[in-house]
Structures are given as C-alpha cells and as structure tokens.
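Asks: turn this into a model:
(chains A and B)
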Amino acid sequence: MAEQASAMGGGYRLPVFPYSRPAELEGKRKRHKVAVVGGGLTGLTAACDLAGRGLPVVLLDEDDTVGVRGASSRGIVYAQKTLEIFDRLGIYRRVADKGVTWSVGKVLADDDVLYSFDAAQGSLSRQPPFINLQQFYVEWYLVDRLAELPEADLRWRNRVTGIALKSDHAALAVETPEGSYTLEAQWVIDASGLASRIRQALGAPMAAELGEDRWCISDVRFAKTLPSERWTWAKAAFNDGRAVWQHPMADGVWRLDYQMGADADPQRIADPETVRDRLRRHLGAVEVEIVWVGPYGYRTQLMENFRLGRVFFAGDVAHVMNPFGARGGNSGVQDAENIAWKLAAVLTGAAPEALLDSYNEERRAAGAHNIHVTTRTIRFLAPRSPFEHRLRDAVLDLARHYDFARALVNTGRLSVPFDYAGSSLTTSGGAAVPNLAIALPDGRPGALSDLLRGAGALFLVLCFPGSAAPKLPAELARCFACNGGVGGLPVLRGDALDRIAGAGEVLVIRPDQHLAARLTRPDTPAVRAAIDKALGCVR
Amino acid sequence: MRTDPNIPDADGFYEALIAAQKGLDEAESEAFLLRFALLLANQVGDQQVLLDAIAAARAMLRGENEKHG
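Replies: Sure thing, here's the model as predicted:
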C-alpha cells in the first residue's frame, strides 16, 4: 500500500491509499458477486471476511484513507468477540501489539470507588476481554490484510451516489475522479454509515430519536501516569456532579468523556479554553496536549428491516446507539461477520437464499437489544426528573455500603455477543462459544478460531467422549473429538473444552462461532438436521 | 406476590418504621423510604414478585385498571 503522511491533527500519521481506474471505466462490464459500500470498520470487516473465505468482493469508499476526516477517533473499545473475529481474520496480533489490553474497570461516585470488576475472571477465550485502540488503526490493519487477499478489489475515491434494484442484481451509480460508472453486483452490503445515501435512495424505513443530553469527548496526552483501566464516574464533583469516562488508548492518548448539561451549546462546550479548564479540574495542573475534541448528543436509529431485496444494511447505517458499553462498533463487526458467512454459504451453493433472511432476524434483534441496553444506561446517568435523581442518589449511596446495590449502578453494560437463542437457525443454544485455547491435533497450541479460518468448511462439530462420530460432507463441517477418542476423529485437547460440554455431547458450532446445537449422543441425521437448520434449509 | 399477612409483628414493624423517621424532614423521609425499598427489593430477590409489587403500588395511585383490594 503506498503511504504518504496525511494531514491530520494530534501527531497521527495516516496512510493515503491510491485511486486506480476501475475496469468499468474502460467499458468493461462485470457482474460482481458482492459489493461492499463504505470502508469503515463494518465494511472492511465484511470485505475481509468474504475475501478470506475465498469469495470475490469489491469495496467502494469515497475517501482514500482510514478514519473520518477531521476526527481523530470514533470507537476505541474492542470487546472479546470482536477480538476473536479479528483473530480469525488475521489482524488480531497487530491490534494487540498496538492497543492497550485491559480488563479492570472501576465505577466511582466523586472520590469513592463504588466497585471494580475484572472481566478476565472466568474468561475462557484466547483473547483478552478488551483492547482499546483508535478505530482508524483497526481500519488500517483491515486494509493491509485485504491487500494480501487476491479476491479483494478495493476502490478508493469511488463514491456511491445512487442505486437501482434489478431482479437479479443491484446497479450502483459510482463517481470517481475520472468520471462515473455503473457497478453491477449480485449482492450489496451497505456499510456507509448513519447518513447512508443508499438507505435514503431506497426510502428504507427507520425510527430515529435525538436526546437533549450532551457530552464532550477530549482525546488528550498528558505527563501523568494513570492505571490502564476503565474508570467511569456516575457523578464527579470535578464535572459539576455529572458523569465522566476515562479510558487509555494507543500512543499515550486518553479518552476523557464528560457529560454536559442538557441542551448545552456544542460550540461553547468544545471551546479550547473551556476544555482546558475542564481538564485542569480533572487532572490537576499537568501539561496537556489536546489531540481531538468532539461534542455529541444522544442519538438512536434503528432500521425496520436490515435487508431490502439484494441490499443488506450493516453497522451504523442500520443501527445507531449511544456509546455506553462500546456496542456500536462491536455490533457492526458482528453484523459484518453474520452477513459474510451467510453470503459465502449461499454463493458457494451450501445454503439456499432463504438463509439470507436470517441476517435481519438475528442482527436486527441484536440492534434493538443494544439500543434497549444503552437507553437504560442513559436513564441512569441522566435522570429525567427530580425524583429519578433522588432514586439514583439512593442507589449510589447504598452502593458505597452494600454489594447488592452495585448491580443497580449503570455506567454502561459492556458489549457482549448477542445470544441467538431465539433465532430460527438455532436448534439449541445460540450463545457465542468462547475462543477456547486448545492443543490442535498436531500438538501445536491454537484456538477454535484456527479451525474456522479461511475457505472451506463452514461448521465445526465438536464430539465429546461417549458420542459417535457423525459422517458429514467435508465441505460442510470439520469434526473433532475433544479430550478423548471418538471414532477415529482428530483430537483436540485442553481443559477449557470440558468447561463447555460433557460426556456424550456434540456441539454444532456455526461459522461465526455461535452454538447452533448442543446434542446428546446424536446420530448423523440429527447432527445433519441441526446444520441444515442453521443453513436456513426448510425441510 | 403474596398478599396474606406475613409480617410476624405488624404493630412492632409499624412502630419501628415511624420511629426511624423521627427528626427527618420531608426530603429525608423520602430518602429513607427509597433506601428502605431498595434494601427490601434485594431481600425479595424474585423478579416477578418485584414487578407485581411495582404494578400493585402504582395501580393504587393512578393505575390504568384499578385492581387493588
């Protein structure tokens, strides 16, 4: 990737990706299998997942770099499920090397620590609970990974301005520095963000709500050592009794997020002197370098349907929620993974097109759930009446003295993978299976994600001692025995395996590492039926 | 939610409840009751009972359907 220094504040140097003339501008007509619109976190993940499965994918982005112009950072917290996906896609190591790994969070009220938690306790995954990293670095690593994948066609400075839905494809109107062209694709993933032109052009219905509460992010560097932990103040005297967030990121930058008064003027709260004064009250008299300041207000958006014909909506275009718990970016990555494996299954002929309907079923439910969870947090942090305020104060007061009340203190419920228990694809189970650290059949250390990577098999079937080895087509499932012999299957070993299933059980794990079925001593047809159900086959 | 008499010494409980508010102003009495309610909720520990109790209390004040009694 050709890189130049990109003009950007905060001392960051970002890559500039080259524009190259699309084949369509040479008059070549091509029917692409999948077009991804938008090279943000969600779009790049979708493209990377598809190309990694050996599927050709074209990605269109109106810009020629990562991040959002003029803004240094968006999401910063990558939760375990996202890190597991990055592990499968091959960028985890770079994310871990650059980012700040953390698991301890503290919840405070003024000077009192109400409670702290360590999310690493009881974790079975090879990945840590959280890594904090500026979003543009993650996007950069995804672009670099895509450059290694021959099936990926990245088109920078290609702006999608319109769409026409045909019976067997979608036609995208694309503008480039050298003129316009029409790109035809069998399927489109719209990951172009909350103001998507495609969504607007199609008139896809969406419910939106704006709140009055205001926040102001300050990304700063300072000469003071703070612990690599997530600290959230439900109320802080140094912020006039309002909430405050304190999180580390890469390059010695901290994200400090301050709750402002309702209807505060965005211009005024982001004024440099006001920001410096706020930082002084928080950090004391230390030298501070302001990297980026961004005021924002509450916004929620949810599309009625995440699919419209040949178009799938993923990430912020489909759902916008408030940032508490890092549910925006992390759910966008899970959207991308969900649609990627389903499109791969359909395009390779392993599944009927009906499977694609389950994208809306599963991911809209996740989006609605995340909005519900984050709305509860807001109601705690920004009480709407004097009574709600006094109720909240009673909770904080009790939490200083009694453990039980800590559960009621809500400064954001951190992102966890959505449970597909209610999905039509699920036989039994539905939760994400942690990326267990195991010894692979050849003795090398590995994890479950190593068995789900790349082109080839879709499902993972784990057979525990006492079960029988199912006979399944190799292109559909890879079968392993766990900690003991099962009918000559290759054996995985590790204590963690015994934490997720017992004797006689067979786990059918989907390509996105969610549990499709937990079966006890099933015969081959029973395992096959669970896989068929998870592929949307109606029998 | 159980509604049959279940407090062992009802008069003693009522007396203690009143005594606890001695010397508190209106705002402090409300603060007392909020803390008391939250402590009790944790003793109950049964989601359905808690939701039933919330609904029953609300219905007695300005409920959509008057069901108390």
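
Asks: list the buried residues for the longest helix along chain B?
Replies: With secondary structure taken from DSSP state H, chain B has its longest helix at helix B:26-44. By neighbour count with 16 or more other CB atoms under 10 Å in any protein chain shown, helix B:26-44 contains the buried residues B:31, B:34-35, B:38, B:41. Placement of C-beta: from N, CA and C, glycine included.

Asks: before we move on, what about stretch A:371-391?
Replies: Under 16+ other CB under 10 Å, the buried positions of stretch A:371-391 are A:371, A:373-375, A:377-378, A:380-382, A:391.

Asks: return the nearest residue of the stretch 251-400 of chain A with respect to chain B.
Replies: Nearest residue of the stretch 251-400 of chain A to chain B (CB to the nearest CB) works out as A:Ala394 at 3.9 Å.

Asks: the stretch 51-200 of chain A now?
Replies: A:Leu114 (14.3 Å).

Asks: for the residue nearest to that residue when sequence neighbours are not counted, give me phi and psi.
Replies: Using CB to CB, 6 or more residues apart in numbering or on different chains and skipping residues adjacent in sequence, the residue nearest A:Leu114 is A:Ala399, 4.5 Å away. Torsion angles at A:Ala399 (phi, psi; degrees, to the nearest 10) stand at phi -70, psi -20.

Asks: same question for A:Asp112.
Replies: According to degrees, to the nearest 10, A:Asp112 has phi -100, psi 130.

Asks: wait, A:Gly11 sits on A:Asp251?
Replies: Yes: the pair A:Gly11 and A:Asp251 qualifies as a contact (CB atoms under 8 Å) at a distance of 7.5 Å.

Asks: which positions in chain B make contact with chain A?
Replies: B:30-31, B:34-35, B:38-39, B:42 (CB under 8 Å from any CB of the partner chain).

Asks: A:Pro295 reaches A:Met260, doesn't it?
Replies: Yes: counting by CB under 8 Å, A:Met260 is a contact partner of A:Pro295 at 7.5 Å.

Asks: the more surrounded of these two?
Replies: Ranked by neighbour count (other CB atoms under 10 Å in any protein chain shown), A:Pro295 and A:Met260 place A:Met260 first, with 23 against 20.

Asks: in the stretch 401-539 of chain A, what residue is nearest chain B?
Replies: For the stretch 401-539 of chain A, CB to the nearest CB, closest residue to chain B: A:Phe404, 4.3 Å.

Asks: residue contacts, the nearest residue to that residue once chain neighbours are set aside?
Replies: Sequence neighbours aside, B:Asn42 is the residue nearest to A:Phe404 in space, at 4.3 Å (criterion: CB to CB, 6+ apart). B:Asn42 is in contact with A:402, A:404-405, counting by CB atoms under 8 Å, 6 or more residues apart in numbering or on different chains.

Asks: most surrounded residue in those residues?
Replies: Ranked by neighbours (other CB under 10 Å), the contacts of B:Asn42 are led by A:Ala405, which has 22 neighbours.

Asks: which residue packs closest to it, ignoring adjacent ones?
Replies: A:Leu398 (3.6 Å).

Asks: now do A:Asp213
Replies: Nearest non-adjacent residue to A:Asp213 (CB to CB, 6+ apart): A:Ala382, at 4.6 Å.

Asks: over to A:Phe17?
Replies: A:Trp156 (4.6 Å).

Asks: OK, contacts around A:Leu183?
Replies: Counted by CB under 8 Å, 6+ apart, A:Leu183 has contacts A:22, A:24, A:32, A:35, A:58, A:60, A:171-172, A:174.

Asks: what's the single longest helix in chain A?
Replies: helix A:357-381.

Asks: give me the below-cutoff pLDDT ranges for the chain.
Replies: Using chain A. For chain A, residues meeting the criterion pLDDT under 70 lie at A:1-10, A:69-73, A:539.

Asks: correction: the question concerned chain B.
Replies: If you take pLDDT under 70 as the line, chain B has these spans: B:63-69.

Asks: which of the three states applies to A:Thr232?
Replies: strand (DSSP: H, G, I helix; E, B strand; the rest coil).

Asks: tell me what it is bridged to.
Replies: Per DSSP bridges, the residues bridged to A:Thr232 are A:Val107, A:Trp245.

Asks: let me see the contact set for it.
Replies: Contacts of A:Thr232 by CB under 8 Å, 6+ apart are A:105-108, A:243-246, A:411-412.

Asks: go again with 10 Å.
Replies: By CB atoms under 10 Å, 6 or more residues apart in numbering or on different chains, the residues touching A:Thr232 are A:105-108, A:114, A:243-247, A:257, A:324, A:381, A:409-412.

Asks: farthest pair within the buried residues of stretch A:371-391?
Replies: A:Ile371 and A:Leu391 (22.7 Å; CB to CB).

Asks: how much space between the nearest residue to A:Gly412 once chain neighbours are set aside and A:Arg379?
Replies: In space, and not counting its chain neighbours, A:Gly412 is closest to A:Phe324: 3.3 Å by CB to CB, 6+ apart. Shown here: A:Phe324 relative to A:Arg379, a distance of 11 Å by CB to CB, to the nearest Å.

Asks: mind listing the shared neighbours of the two?
Replies: Counting by CB under 10 Å, 6+ apart, the residues touching both A:Phe324 and A:Arg379 are A:Asn410.

Asks: quick check: nearest residue in space to A:Tyr296, chain neighbours excluded?
Replies: A:Trp215 (5.6 Å).

Asks: tabulate the CA atom coordinates of the helix or strand encompassing the one you found in CSV.
Replies: Element membership for A:Trp215 (DSSP states H and E) is strand A:206-222. These are the backbone C-alpha positions of strand A:206-222, laid out as CSV (Å, rounded to 0.1, in the frame of the first residue of the first chain):
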residue,chain,number,x,y,z
MET,A,206,-36.1,3.8,10.1
ALA,A,207,-37.0,5.0,13.5
ALA,A,208,-34.8,7.8,14.9
GLU,A,209,-34.6,9.7,18.1
LEU,A,210,-32.4,12.5,19.3
GLY,A,211,-31.9,13.3,23.0
GLU,A,212,-31.1,16.5,24.8
ASP,A,213,-28.2,15.3,26.9
ARG,A,214,-24.8,16.5,25.7
TRP,A,215,-21.3,15.0,26.1
CYS,A,216,-17.9,16.3,25.2
ILE,A,217,-15.0,14.0,24.3
SER,A,218,-11.5,15.2,24.8
ASP,A,219,-8.7,12.9,23.5
VAL,A,220,-5.6,14.1,25.2
ARG,A,221,-2.0,13.3,26.1
PHE,A,222,-0.6,14.3,29.5
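
Asks: quick check: can you name the pairing partners of it and their directions?
Replies: strand A:254-260 (antiparallel), strand A:288-303 (antiparallel).

Asks: any idea how many residues pack against the residue nearest to A:Pro511 when sequence neighbours are not counted?
Replies: What sits nearest to A:Pro511 in space, not counting adjacent residues and going by CB to CB, 6+ apart, is A:Trp341, at 3.8 Å. A:Trp341 is flanked by 22 other residues according to other CB under 10 Å.

Asks: now do the contacts for A:Trp341.
Replies: Applying CB under 10 Å, 6+ apart, the residues contacting A:Trp341 are A:49-50, A:53, A:351, A:355, A:452, A:458-459, A:510-513.

Asks: let's see 7 Å
Replies: A:458, A:511-512 (CB atoms under 7 Å, 6 or more residues apart in numbering or on different chains).

Asks: picking up where we left off before, I'd assumed A:Leu256 was in contact with the residue nearest to A:Tyr296.
Replies: No: contact criterion CB atoms under 7 Å: A:Trp215 and A:Leu256 do not qualify, at 10.7 Å.
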